[in-house]
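Chemist: following is a predicted model, sequence given first.
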Amino acid sequence: MVITPRGKQEEVMALPAKGHIVVLGTAGSGKTTIALLRAHHLANIPNGGKVLLVTFNGALVEYMRGVSSSRSTKLVVENYHKFARGYLYSRGKMPSWNGILGPEEKAYYIKQAVELLKINYPKESTFNRPKEFFIEEITFIEKFGFANLVEYSEAERIGRASSNIKRENRKWIFAVYEKYIELREAAGRKYDWDDMAFYVFNELQDDVGERRYTHIIVDEGQDFSPMMIKSLVEAVADGGSFTFFGDVAQQIYGSRLSWRDSGVNANKIWRFNVNYRNPATITTFAKAVTQNEYWRQDGDMVEATAQIAEGPKPILVKFSDKKREVAWVVERAIATGKTASTVIICRNRTDIDTLLLALKNKGCAAIEINKDTPGFAHLKKLYITTYHSAKGLEFDNVFIPYLTEEKFPDPDIVSGAVSNEDAYADEIKLLYVAATRSKYGLYMTYSGALSPLFPEDSDSYDFHDEEEVI
Ligand SMILES: Nc1ncnc2c1ncn2[C@@H]1O[C@H](COP(=O)(O)OP(=O)(O)OP(=O)(O)O)[C@@H](O)[C@H]1O
């Protein structure tokens with residue numbers, strides 16, 4: 001389908017190919033579409049330089065590759081970590097074996113660092129805080145890229161409801177961070193996934209060589225850390241352009257940090273407020289999600305003021321047990337998947353496995369979408385995925401099972417978080433993302449008690465008991 005950019009989309013397409021551009025848009029407002037179209041446009045400038053289109057989600061990288069039929073050798077689409085590894089490798093800073101520390105090992109070394117400092121400072125109570133607290137705080141230091149204690153001490157600690165740290169105690173946390181780096185290096189690991197961007201940025205600052213990319217475009221930018229954005233801005237060639245597309249309502253990777261702290265310097269912020277994907281019935285439901293008590297308001301959020309599509313009101317069905325719930329979801333999803341693209345969105349692997357098995361028993365092999373899904377395309381088929389991997393994608397019909405208190409918010413996330421409020425505020429955005437994937441139908445189910453993250457506004461959906469639908 002050929003898409004003609006409209007309104008503000010058209011204005012963004014026509015912006016000059018230099019400087020910084022920021023586009024904030026509501027779900028379905030064409031951010032990805034315009035990111036792709038602009039990337040092609042820039043890559044086709046005669047004698048122009050190369051273009052890098054970066055997105056967070058691997059499934060979306062594949063989707064974008066699939067959507068762009070006219071492949072230009074000047075356009076590269078990849079996720080941030082591929083870019084970061086490639087760049088560090090090109091500078092001789094990436095060990096050929098895996099030099100990146102995974103999250104579990106990171107947690108292990110941070111714990112070790114705390115234990116070692118405790119021995120040296122037995123009276124310091126900061127070291128008695130839970131391990132999760134240190135992991136979260138060190139990740140914050142990494143994502144911001146504080147180079148020293150002074151920078152860290154002066155920073156406002158944003159995006160966190162509880163456990164404020166007294167400024168005078170930040171030195172202890174920074175000491176844990178430094179000890180962690182020391183232990184990590186002794187084990188031969190140069191980076192973890194959260195601080196690679198810091199090293200990329202520093203390396204770029206020393207790198208006087210020619211930049212590979214003249215234009216860099218970021219899609220789903222709300223989930224990039226300030227340091228990731230900073231490093232991409234730094235990677236642009238002189239006279240080139242950097243364009244940021246994002247939606248703060250869809251920030252689902254728990255960092256709660258703002259693009260505003262990343263050194264992007266745009267004269268004007270473009271706001272896309274026309275939703276081309278969701279019917280008004282779904283934008284009304286999505287809005288009700290943002291009015292739940294656990295949702296944190298953000299001035300950068302863009303509300304949909306107009307919709308193009310039409311569709312039925314979302315439904316919520318209550319079942320007496322999970323078995324019946326799964327049976328209904330499987331039967332209905334198989335039926336709609338025969339005539340329209342349909343997805344079942346789950347919170348975790350276990351739920352996906354349960355549903356895959358139930359689908360298989362009904363003779364249906366659903367297509368699983370994950371970060372490695374090659375050449376994903378939205379055919380008239382049944383797909384299954386997680387909330388996280390559904391990000392950026394769209395389907396005619398969306399099924400969201402298990403919206404029960406017991407499963408959503410995910411109890412593992414809540415128990416591993418420093419505060420319940422933070423975990424709830426992160427989890428509720430998953431529901432917003434999942435609901436806004438739908439171009440037509442939205443079918444939600446639960447058994448037992450309804451999730452506290454579900455909208456309180458019951459006018460935004462139709463409620464049914466199982467007897468009414470079976
Ligand atoms: N100008 C347009 N005319 C017709 N359709 C459009 C237009 N712009 C976008 N669309 C369609 O709207 C849908 C949503 O677009 P897109 O996925 O780019 O939005 P998005 O802002 O990236 O959404 P999200 O943030 O929710 O993932 C797509 O099906 C796209 O083809």
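Modeler: Cool, got the structure. What you see is a predicted model; the values in this text were computed from it and never measured.
Chemist: for the rest of this, base every contact and every neighbour count on C-alpha atoms.
Modeler: Fine.
Chemist: identify the residues contacting the helix or strand where Ala107 lies?
Modeler: Ala107 belongs to helix 103-120 when elements are defined using DSSP states H and E. Here helix 103-120 makes contact (C-alpha atoms under 8 Å, 6 or more residues apart in numbering) with 124, 127, 131, 134-135, 176-177, 179-180, 183-184, 192-193.
Chemist: now do the SS call for Ala340.
Modeler: Under DSSP: H, G, I helix; E, B strand; the rest coil, the three-state class of Ala340 is coil.
Chemist: give the closest residue to Ser320 in space, chain neighbours not counted.
Modeler: Using C-alpha to C-alpha, 6 or more residues apart in numbering and skipping the chain neighbours, the partner closest in space to Ser320 is Ser447 (5.6 Å).
Chemist: ok now stretch 408-420, how far from the chain's centre?
Modeler: 18 Å (C-alpha atoms, centre = their mean, to the nearest Å).
Chemist: end to end, how far does it reach?
Modeler: Its start and end residues considered, stretch 408-420 measures 13 Å (C-alpha to C-alpha, to the nearest Å).
Chemist: next, Pro455: secondary structure please.
Modeler: From three-state DSSP, the assignment for Pro455 is coil.
Chemist: neighbours of Ile282, how many?
Modeler: 28 (other C-alpha atoms under 10 Å).
Chemist: helix, strand or coil: sort out it for me.
Modeler: Per three-state DSSP, Ile282 ends up helix.
Chemist: quick check, it in contact with Ala434.
Modeler: No: assessed by C-alpha atoms under 8 Å, Ile282 is found out of contact with Ala434, at 10.9 Å.
Chemist: what parts of the protein come near the ligand?
Modeler: 3-6, 25, 27-33, 276-277, 392-393 (C-alpha under 6 Å from any ligand atom).
Chemist: which one of those has the most neighbours?
Modeler: Neighbour max across the residues of the chain next to the ligand (other C-alpha under 10 Å) = Ala27, 30 neighbours.
Chemist: check what pLDDT it gets.
Modeler: Note for Ala27: predicted pLDDT of 98.
Chemist: wasn't it part of a strand?
Modeler: No: read with three-state DSSP, Ala27 is coil and lies in no strand.
Chemist: show me the shaky parts of the stretch 201-350 of the chain.
Modeler: Across the stretch 201-350 of the chain, not a single residue meets the criterion (pLDDT under 70).
Chemist: picking up where we left off before, contacting residues for the residue nearest to Ser320?
Modeler: Ser447 touches Lys318, Phe319, Ser320, Asp321, Lys322, Glu325, Tyr402, Leu403, Thr404, counting by C-alpha under 8 Å, 6+ apart.
Chemist: measure the closest residue in space to Lys322 that isn't next to it in sequence to the ligand for me?
Modeler: Counting by C-alpha to C-alpha, 6+ apart, Lys322 lies nearest to Ser447, which is 5.9 Å off, once chain neighbours are set aside. Distance of Ser447 to the ligand, given as C-alpha to the nearest ligand atom, to the nearest Å: 28 Å.
Chemist: which strand residues bridge Ser447?
Modeler: Phe319 (DSSP bridges).
Chemist: and the pLDDT for it?
Modeler: 97.
Chemist: now the one 3 residues further on
Modeler: Per-residue confidence for Leu450 comes out at a pLDDT of 98.
Chemist: where does Phe140 land in three-state SS?
Modeler: Quick answer, by three-state DSSP: Phe140 is helix.
Chemist: who's in contact with it?
Modeler: Ser255.
Chemist: if we use 10 Å, what do you get?
Modeler: Contact analysis of Phe140 by C-alpha atoms under 10 Å, 6 or more residues apart in numbering lists Phe134, Phe146, Tyr152, Arg157, Ile158, Asp194, Asp195, Ser225, Ser255, Arg256, Leu257.
Chemist: Thr26 too?
Modeler: 246-250, 271-276, 283, 301-305, 436.
Chemist: mind listing which of those residues are in strands?
Modeler: Gly246, Arg271, Phe272, Val274, Asn275 (DSSP state E).
Chemist: contacts only, for the last one.
Modeler: Okay, so that is Asn275. 25-30, 283, 303-309, 436.
Chemist: how about the closest residue to the ligand within the stretch 251-400 of the chain, nearest residue that isn't a chain neighbour?
Modeler: Of all residues in the stretch 251-400 of the chain, Gly392 sits closest to the ligand, at 3.4 Å by C-alpha to the nearest ligand atom. Nearest-residue entry for Gly392: Leu60, 6.4 Å, with adjacent residues in sequence omitted and distances by C-alpha to C-alpha, 6+ apart.
Chemist: am I right that the one you found is in a helix?
Modeler: Yes: under three-state DSSP, Leu60 falls within a helix.
Chemist: I'd say it and Leu36 touch.
Modeler: No: shown here, Leu60 and Leu36 do not form a contact pair, counting by C-alpha atoms under 10 Å, at 11.6 Å.
Chemist: shared neighbours, the two?
Modeler: Val77, Asp219.
Chemist: where does Pro374 land on pLDDT?
Modeler: Pro374 is assigned 59 on the pLDDT scale.
Chemist: domain-wise, how is the chain divided?
Modeler: 8-92+195-272, 100-189, 280-468 (the TED database).
Chemist: wait, Tyr387 sits on Ile252?
Modeler: Yes: with contact defined as C-alpha under 10 Å, Tyr387 reaches Ile252; the gap is 9.0 Å.
Chemist: and for those two, which residues touch both?
Modeler: Joint contacts of Tyr387 and Ile252 (C-alpha under 10 Å, 6+ apart) are Glu427, Lys429, Leu430, Leu431, Tyr432, Val433.
Chemist: roughly how far apart are the last one and Asn275?
Modeler: Computed with C-alpha to C-alpha, the distance linking Val433 and Asn275 is 14 Å.
Chemist: and for these two, which residues touch both?
Modeler: Common neighbours of Val433 and Asn275, using C-alpha under 10 Å, 6+ apart, are Ala27.
Chemist: doesn't Val23 fall inside a strand?
Modeler: Yes: counting by three-state DSSP, Val23 falls inside a strand.
Chemist: just to check, it is in contact with Lys31?
Modeler: Yes: in this structure Val23 lies within contact range of Lys31 using C-alpha under 10 Å: 7.8 Å.
Chemist: what about the closest residue in space to Glu142 that isn't next to it in sequence, neighbour count?
Modeler: Excluding the flanking residues, the one nearest Glu142 by C-alpha to C-alpha, 6+ apart is Asp195, at 5.0 Å. By other C-alpha under 10 Å, 22 other residues sit near Asp195.
Chemist: list the contacts for Asp195?
Modeler: Ile100, Ile138, Thr139, Phe140, Ile141, Glu142, Lys143, Phe144, Gly145, Ser225, Met227, Met228.
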